[in-house]
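> Mind folding the following:
(one chain, ligands or ions: 2)
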Amino acid sequence: SNPVETLEFQAEARQLLQLMVHSIYSNKDIFLRELISNASDALDKLRLATMRDKDLVADASDLHIAIETDPEQRTLTVRDNGVGMSRDEVVELIGTIAKSGTAELLQKLREAQDSAAPQELIGQFGVGFYATFMVAEKVTLTTRRAGETDGTRWESAGEGTYTIETVADLPQGTAVTLHLKPADDDDRLFDYTAEWKIRQIVKQYSDFIAWPIRMAVAKPAPADTEGAEPAEPTTEVQTLNSQRALWARPRAEVSEEEYHEFYKHVSHDWRNPMEIISMRGEGTFEYEALLFIPSQAPFDLFNADTRRGLQLYVKRVQIMEHCDTLLPNYLRFIRGVVDAHDLSLNISREILQQDRQIQVMRRRLVKKVLQTLKELKTNDAERYLTFWQEFGQVLKEGLLEDADNQELLLELLLLPSTHDAERPTSLAEYVERMKDGQSSIFYLTGESRTMIENSPHIEAFRAREYEVLALTDPVDDVWVERVGEFAGQPLQSIAKGQIDLETEEEKQQAESTRAEQHKEYASLLEWLTKALSEDLKEVRLSSRLTTSPACIVGADHDVTPTMEKLYRAMGQ
Ligand code: ADP
Ligand code: MG
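Ligands and ions are numbered 1, 2, ... in the order given. The predicted model follows:
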């Protein structure tokens, strides 16, 4: 027979498990939501695999999820006949956490141990399968990958190690059995072998799951027939969820909570979304879309390797898990599903990219998302500010990628400014505050707010109470150049070229003094220009400075230092 191997969880996984075993969540019910969500994903994957690979030896005839309980043994099993996992996959997917940012998160968790609520922090991450260890003292997972003959049995008590062995004769798919913790006081409330409890959790968290979730339930005794002996209790298999696609239902009919649970299923996020966007296209090209703006940015938002995109369905059947053609890259934080009725079930990524109707749909989705953000900005400035802090930096990329929506994107900007150190401003607000005779929207880019505040460039502007935008994102340098102006006002870097800040009166006054100064300093300037000719084009007198003796100014179309850095980082 095959040997049983004992392996160690990866360090990060071990730490997360510790948190689960000593359960930090007050709501333990969600472990079942996670198991059902994984089972549902596995069924989606199997159907996709059979569509793509005609040679795959797999049974896709009765795809479903089954829940079994045994009150005496105190076990609960969630079973699916989906894609399953190979032995290597079990080690990789269950034994480790591959998500980028895990180490950082755990570091934060350790720091927050006693003070801040670790629950909040861990909620940013989601622990999926590991949630089972909140309620189970031991978890057994058996699985066979579709198309393979051998299966795998995995078992762990959540403490550092797990055992794994290869076993024959397993059905296709995965079964996860929880050996529930012994009953304690809580258990009167949380008996996870009770039929009503399972029903309640499935209804609450997983009703929309597209696959049937079945359970054998006690059959109501037949109405007493005369003189008959009391009937043996019998069971019947029932489907616990309605399986109704949320995106196909009228918005008014779906509760906030249902939307939230659906969001958690598609996004693998544990928090509620910030905004729900539902839309429907009718006519020649029918589609439904249900999109979500998350409430917080994921750790890997700027990680190029992360797979992204909306889920693509054709008439309720998922045909792509990460369809990145439906939205531009700068909206990669949006989650959700699109159900397009007229696509072919086995459409390829390449054809999708060229499909004219998809292009039309994509334009509408983008418009709708940006419009929603605009409304949020107008109607709820506080919430929009939160959104901006999470996703503003990504949204700005749109100014480089999406010329069609430049106008709208500019309206969505919130930029730090010297007007108010605490609150960023919109460009429209800046323009409203512009002083009489102010010729441009002034900005300065730099690595940090402090660097900008302390820059000699800003002195004259501060002295004259001109507002200056303090732009610190690397992408800022690029978009301000590209965009050039807002509402007819040019965007002007105060580190470049000559900026005329003087009034007519001051000018006349200054004229005479300057003529004198020029005479007085001519030889010094000439000498400096010569002495520094390797590094500078010209040394000239300036009216910009108030306290610093000198500053370096770029020519109008020079590359700024941050831009130089950005280009270097991009390998140019
Ligand atoms: P997530 O679902 O967010 O990826 P989980 O911890 O819930 O994280 O699951 C980790 C991985 O284990 C899944 O991504 C999936 O690849 C695999 N997995 C879990 N449950 C199943 C299952 N029932 N069938 C097939 N694979 C599964
Ligand atoms: Mg999961």
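> Just the pLDDT for residue 73.
Note on residue 73: pLDDT of 94.
> List the contacts of residue 75.
Neighbouring residues of residue 75 by C-beta atoms under 8 Å, 6 or more residues apart in numbering: 69, 177, 178, 179, 180, 193. C-beta: built from backbone N, CA, C; applies to glycine.
> Which of those residues fall within strands?
Among the contacts of residue 75, the members found in strands (DSSP state E) are 69, 177, 178, 179, 180.
> could I get those residues as CSV with pLDDT, distance to ligand 2 and neighbour count?
Shown next, in CSV, are these (pLDDT from 0 to 100; distance: C-beta to the ion, whole Å; neighbours: other C-beta atoms under 10 Å):
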residue, pLDDT, distance to ligand 2, neighbour count
69, 96, 21, 21
177, 98, 17, 20
178, 97, 15, 25
179, 97, 20, 17
180, 94, 20, 22
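> Make TSV out of these and add distance to residue 406.
Shown next, in TSV, are the ones in strands among the contacts of residue 75 (distance: C-beta to C-beta, whole Å):
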residue	distance to residue 406
69	57
177	55
178	53
179	58
180	57
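> Show me which pair in those is furthest apart.
The most widely separated members of the ones in strands among the contacts of residue 75 are 69 and 179, with 12.1 Å between them, by C-beta to C-beta.
> and the gap between residue 77 and ligand 1?
The gap separating residue 77 from ligand 1 is 12 Å, by C-beta to the nearest ligand atom, to the nearest Å.
> Likewise for residue 465?
Noted for residue 465: a distance of 52 Å to ligand 1, by C-beta to the nearest ligand atom.
> Using the three-state scheme, assign that residue.
Judged by DSSP: H, G, I helix; E, B strand; the rest coil, the three-state class of residue 465 is coil.
> nearest spatial neighbour of it, skipping sequence neighbours?
residue 435 (7.4 Å; C-beta to C-beta, 6 or more residues apart in numbering).
> Pick out whichever of the ones in strands among the contacts of residue 75 sits closest to residue 489.
Distances from residue 489 to the ones in strands among the contacts of residue 75, taken by C-beta to C-beta, are shortest for residue 178, at 63.0 Å.
> Residue 235 versus the closest residue to ligand 2 within the chain, what's the distance?
Closest to ligand 2 within the chain is residue 128: 3.6 Å, counting by C-beta to the ion. Distance, residue 128 to residue 235, by C-beta to C-beta, to the nearest Å: 31 Å.
> which of these two has more neighbours?
Shown here are residue 128 and residue 235; by other C-beta atoms under 10 Å, residue 128 has more neighbours (18 against 11).
> ok, the closest residue to that one other than its chain neighbours to residue 201 distance?
Leaving aside its sequence neighbours, residue 128 sits nearest to residue 34 (C-beta to C-beta, 6+ apart; 5.3 Å). According to C-beta to C-beta, residue 34 and residue 201 sit 11 Å apart.
> just how off-centre is stretch 531-541 within its chain?
Between the centre of stretch 531-541 and the centre of its host chain there is 48 Å, according to C-alpha atoms, centre = their mean, to the nearest Å.
> Report the separation between the two terminal residues of that stretch.
End-to-end distance of stretch 531-541: 16 Å, with C-alpha to C-alpha, to the nearest Å as the criterion.
> For the stretch 251-400 of the chain, which residue gets nearest to ligand 1?
When scored by C-beta to the nearest ligand atom, the stretch 251-400 of the chain has residue 268 as its residue closest to ligand 1, at 3.8 Å.
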